[in-house]
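K.L.:
just the structure for this:
(chains A and B)
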Amino acid sequence: MKKRIIHFFVLSCRKATGLIEKRLYFKLSALEKIQLRWHLTLCDACTVYTKQSSLLHKLLSKHEHDHTHAPHLPEDTTQDLKERIIRKLEKE
Amino acid sequence: MNEPLKNVRADANEVMKSWVTIYTHSLYEWAYYKVADKATAEDLVQETFLSAFQSLDRFKQESQPKTWLFSILNHKIIDHFRKRVKSPLVDEGGAGLDYYFDHHGEWGDHSRPQEWPGDDSHLLDHPEFRTTLDECMQRLPGSWSAALQLKYLSEKDGKEICQDLRISSSNFWQILHRAKLQLRKCLEIHWFKK
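P.N.:
Predicted coordinates:
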């Protein structure tokens, strides 16, 4: 019953998680901020979701940038490519 | 062409050739890891060197050629992901919001978030975690993972990304919303609750 009331007056979890994600990439409107704050004070599941979503955000920010962890390939994979690029540059 | 200019050009060519020899391999490893396609990765690396050659005068001697080349390559990769987001393949699949929420918009019993056990402060130090994260990214529909990669590889904020893509911001964060829900679920199953 408590949940139904939250959803009716504030936000559903479906919409709240949308705002939790939106907040990471865009600015929320004043109304959205209030709605989300209210929802989170009342909803444990979305509070856990917020924590996990920011963890993923932090992990992705580092991981997707870090080219040192790209899997290694055999040296000869790129032999032809090197030669092709050098020929191409000579024509420039 | 007069003599000094000719020399500059010849020098530039020599510099580029040595860079191609030294850096092609690691640039290709990164490009291939990002786009998972041999031909695309090769094109991106080749375009990187052509762009570098054309803008060699903008290269600052005090910076590392490797860093400079990687930043050019990253821009090319971002362009690639942009195209991918703009033109999703038909029927890429992926779980919709109804998979997680019931008709009241409340978490379904199977999807309600619970705390993840264990310490999560050094996850990226585990190569196995990175592998799991990559596998979960690969399981996303192509245009969803492209949207995530676009966001996290680019230095730009959401608003700028949408301007470049010429899509509305709500369109973009709704893709990210679905992508994050699915990525979270995948990591929960394959890492946190394994």
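
K.L.:
just checking, what's the longest helix in chain B?
P.N.:
helix B:3-35 (DSSP state H).

K.L.:
any idea how far that helix is from the chain center?
P.N.:
Relative to its parent chain, helix B:3-35 has a centroid offset of 23 Å by Cα atoms, centre = their mean, to the nearest Å.

K.L.:
got a list of what the residue nearest to B:E47 when sequence neighbours are not counted touches?
P.N.:
Spatial nearest neighbour of B:E47, excluding adjacent residues (Cβ to Cβ, 6 or more residues apart in numbering or on different chains): B:K76 at 5.5 Å. Every C-beta, even on glycine, is put in place using the N, C-alpha and C of the backbone. By Cβ atoms under 8 Å, 6 or more residues apart in numbering or on different chains, the contact set of B:K76 is B:A31, B:L44, B:E47, B:T48, B:S51.

K.L.:
what strand or helix carries B:K76?
P.N.:
For B:K76, the element it lies in under DSSP states H and E is helix B:65-86.

K.L.:
what's the model's confidence in that helix, averaged?
P.N.:
For helix B:65-86, the mean per-residue pLDDT is 93.

K.L.:
how about the next helix or strand after the longest helix of chain B: buried residues?
P.N.:
Sequence-wise, the next helix or strand downstream of helix B:3-35 (DSSP H and E) is helix B:38-54. By 16 or more other Cβ atoms under 10 Å in any protein chain shown, the buried positions in helix B:38-54 come out as B:40-50, B:52-53.

K.L.:
and helix B:38-54, how far out from the chain middle?
P.N.:
For helix B:38-54, the separation from the chain centroid amounts to 16 Å (computed by Cα atoms, centre = their mean).

K.L.:
that one to helix B:65-86, inter-axis angle?
P.N.:
If you take axes from the mean of the first three to the mean of the last three Cα atoms, to 10 degrees, helix B:38-54 sits at 130 degrees to helix B:65-86.

K.L.:
quick one: low-confidence parts of chain B?
P.N.:
Scanning chain B for pLDDT under 70 picks out B:1-9, B:90.

K.L.:
centre-most residue in it?
P.N.:
B:Q149 (3.6 Å; Cα atoms, centre = their mean).

K.L.:
and it, which helix or strand is it part of?
P.N.:
In this assignment (DSSP H and E), B:Q149 forms part of helix B:142-153.

K.L.:
ok, of the buried residues of helix B:38-54, which one's closest to A:K33?
P.N.:
A:K33 has its nearest neighbour among the buried residues of helix B:38-54 in B:L44, at 40.1 Å by Cβ to Cβ.

K.L.:
distance of that closest one from A:T47?
P.N.:
41 Å (Cβ to Cβ, to the nearest Å).
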